[in-house]
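**Student:** coords please:
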Amino acid sequence: MNNNQVHSEGIAESHGPQKWWQRCWIVIISTSSIVLIIFAIILSLILKFVVFAPKESEITTVTLPSLATIISTEATTTEIATQLSNWSNTDSMNYARRGHQACVLMNGKVLVSGGIGNDDHLSSAELYDLSTGIWTITGSMNDARFTHTFILINRKVLVTGGADDKGPLSSAELYESLTETWKPTGRMNNARRSHTISLLKNGEVLVAGGIISNGIALNSVEVFDSSTELWSTLTNMNNVRYGHTASVLLNKKLLVTGGCSDHNTYLNSVELYDPSTDTWTTISSMNNRRYGHTASILKDGKVLITGGTSDVGEYLNSAEFYDSSTGTWMTVNSMNHARAHHTASVLKDGNVLVTGGYAGGSVDTSELYDSSTGTWIHIVSMNYARAQHTASVLTNGNVLITGGIHYNQALNTVELY
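**Tutor:** You can find the predicted model right below:
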């Protein structure tokens, strides 16, 4: 073996252990780094969720409105429409009632009176205070009555007719909000229930139609003079009818639509009353016969008619409007749900809120008519199914729903939209 060979082998032997130690240190350092990183992560989680976690009393809970989500799938596209719940319960009335009346007073409170409870006809009245959300008892009417009419005149509320346990009434009375008392006023010339009441542009109050004992419908019309508190007869309508609607148009005429005649014949006939000449004129009929429907005057002056029944057990979801500028009827998009004895309220934005009603049973559905597009919008249902209830647009723009009937039981529940 030569010297060069011995020298090279000695160098190889001397470098072997050195490389091995270098590899060991690399492994040790890498492992230590990983352990330190894991330890740091664990420590940060402990600090975040254990040491520095907020106490239960420091946690702020945010309650979101309930959501109604409608999911529809078409081909490969999925559309999700989310709607916020718009209904909230408020203080219940002191009495369950259906077939009652409600009116927003000049002070912003809502007066409710009469109707039928679960035991008898009611003369009781109560007030809803928007500022407190509480109902308080106010003076009772002199007569118990349901299916009567209400109207606000000269800061007083005039109530007319209706029926008690003995039959239709001719009596009328006035509610004074300052004293919270009722006083009898002049009697109508005819007893009547399920009639209409309208405040004409000349300040007179006109009552039309209705039904008397033995199911006899009326075509009689009379007007109340608030200065004398007396009633005067006017020219009769061309048709007898009850359960109809009456709307004061921008041209000061009165539009009367539908209802029932003597033998439960459902009507699509329409007539116009001209106060300046005391005449009734039969005009074009509606596209559907309707009883228990609603009529709402839109911001453009058109009259929107919704729902009702066209025959026994036949409930309508159809809608149409009357254009006084052309004197014609035009069908519009149908509601999403058929209904009669429901409510329709013109909101401050010009849209129309339709609630509840009857369609083989009381319903809780509600929907909005968009007056700008002529379409109906699904909204979340009320908390209670109800028909023969009332709806009042409050001074803050909310809508107060009161009472009604469900499963043959009168309701005292109240909710806000």
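**Student:** what's the distance between Lys299 and Gly307?
**Tutor:** 21 Å (C-beta to C-beta, to the nearest Å). Every C-beta, even on glycine, is put in place using the N, C-alpha and C of the backbone.
**Student:** If you count surrounding residues, which of the two has more?
**Tutor:** Higher neighbour count among Lys299 and Gly307: Gly307, with 27 against 11, using other C-beta atoms under 10 Å.
**Student:** OK, contacts around the more buried one?
**Tutor:** 290, 292-294, 315-319, 335, 338-340, 342, 354, 357 (C-beta atoms under 8 Å, 6 or more residues apart in numbering).
**Student:** Please, where are all the strands along the stretch 301-417 of the chain?
**Tutor:** 303-306, 309-311, 314-315, 319-323, 328-332, 343-346, 352-355, 366-370, 375-379, 390-393, 399-402, 405-406, 409-410, 414-416 (DSSP state E, counting those that start in this stretch).
**Student:** what are the pairing partners of the first one, and which direction each?
**Tutor:** Here strand 303-306 has these sheet partners by DSSP bridges: strand 294-297 (antiparallel), strand 319-323 (antiparallel).
**Student:** ok, now the fifth one?
**Tutor:** With DSSP bridges as the test, strand 328-332 is paired with strand 319-323 (antiparallel).
**Student:** Need the contact partners of the partner strand.
**Tutor:** Applying C-beta under 8 Å, 6+ apart, the external contacts of strand 319-323 come out as 255, 257, 270, 286-288, 298, 302-307, 328-335, 369, 376.
**Student:** Give the PyMOL command for selecting the buried subset of the residues you listed.
**Tutor:** To isolate the buried subset of the contacts of strand 319-323 in PyMOL, counting by 16 or more other C-beta atoms under 10 Å, use the following:
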select buried, resi 255+257+270+286+288+302+303+304+305+306+307+329+332+335+369+376
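**Student:** What residues of stretch 189-200 count as buried?
**Tutor:** 190-198.
**Student:** And for stretch 391-409?
**Tutor:** Neighbour count says stretch 391-409 has 391-394, 398-406 buried, by 16+ other C-beta under 10 Å.
**Student:** cool, and stretch 380-393?
**Tutor:** Here stretch 380-393 shows 380-382, 384-393 as buried, counting by 16+ other C-beta under 10 Å.
**Student:** Let's have those residues in JSON lines, adding distance to Ile34 and pLDDT.
**Tutor:** JSON lines is the format used below for those (distance: C-beta to C-beta, whole Å; pLDDT from 0 to 100):
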{"residue": "Val380", "distance to Ile34": "54", "pLDDT": "95"}
{"residue": "Ser381", "distance to Ile34": "58", "pLDDT": "97"}
{"residue": "Met382", "distance to Ile34": "61", "pLDDT": "98"}
{"residue": "Tyr384", "distance to Ile34": "63", "pLDDT": "97"}
{"residue": "Ala385", "distance to Ile34": "65", "pLDDT": "98"}
{"residue": "Arg386", "distance to Ile34": "68", "pLDDT": "98"}
{"residue": "Ala387", "distance to Ile34": "72", "pLDDT": "98"}
{"residue": "Gln388", "distance to Ile34": "75", "pLDDT": "98"}
{"residue": "His389", "distance to Ile34": "70", "pLDDT": "98"}
{"residue": "Thr390", "distance to Ile34": "73", "pLDDT": "98"}
{"residue": "Ala391", "distance to Ile34": "69", "pLDDT": "98"}
{"residue": "Ser392", "distance to Ile34": "71", "pLDDT": "98"}
{"residue": "Val393", "distance to Ile34": "69", "pLDDT": "98"}
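**Student:** of these, closest to Leu169?
**Tutor:** Gln388 (18.3 Å; C-beta to C-beta).
**Student:** mind listing the helices for the protein?
**Tutor:** 3-46 (DSSP state H).
**Student:** which residue is nearest the centroid of it?
**Tutor:** Thr355 (4.4 Å; C-alpha atoms, centre = their mean).
**Student:** in the sheet, who's paired with that one?
**Tutor:** Applying DSSP bridges, one finds that Thr355 bridges with Thr343, Ser366.
**Student:** Give the burial count for Tyr315, as a bare number.
**Tutor:** 20.
**Student:** Could you verify my assumption that it touches Tyr358?
**Tutor:** Yes. Tyr315 is in contact with Tyr358 according to C-beta atoms under 8 Å; the separation is 7.4 Å.
**Student:** Overlap in contacts, the two.
**Tutor:** 339-340.
**Student:** okay, and the helix or strand of the chain with the least pLDDT?
**Tutor:** Of all helical and strand segments in the chain, the minimum by mean pLDDT, DSSP states H and E falls on strand 67-74, at a mean of 28.
**Student:** quick one, strands of the stretch 151-300 of the chain?
**Tutor:** 156-160, 163-164, 167-168, 172-176, 181-185, 196-199, 205-208, 221-225, 230-234, 245-248, 254-257, 270-274, 279-283, 294-297.
**Student:** can you put those strands in a markdown table and add mean pLDDT and distance to Leu127?
**Tutor:** Below are the strands of the stretch 151-300 of the chain laid out as a markdown table (pLDDT from 0 to 100; distance: least, C-beta to C-beta, whole Å):
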| stretch | mean pLDDT | distance to Leu127 |
| --- | --- | --- |
| strand 156-160 | 98 | 11 |
| strand 163-164 | 96 | 23 |
| strand 167-168 | 96 | 27 |
| strand 172-176 | 98 | 10 |
| strand 181-185 | 98 | 13 |
| strand 196-199 | 98 | 21 |
| strand 205-208 | 98 | 22 |
| strand 221-225 | 97 | 24 |
| strand 230-234 | 98 | 28 |
| strand 245-248 | 98 | 27 |
| strand 254-257 | 99 | 30 |
| strand 270-274 | 98 | 33 |
| strand 279-283 | 98 | 38 |
| strand 294-297 | 98 | 25 |
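**Student:** Perfect, I'm done here.
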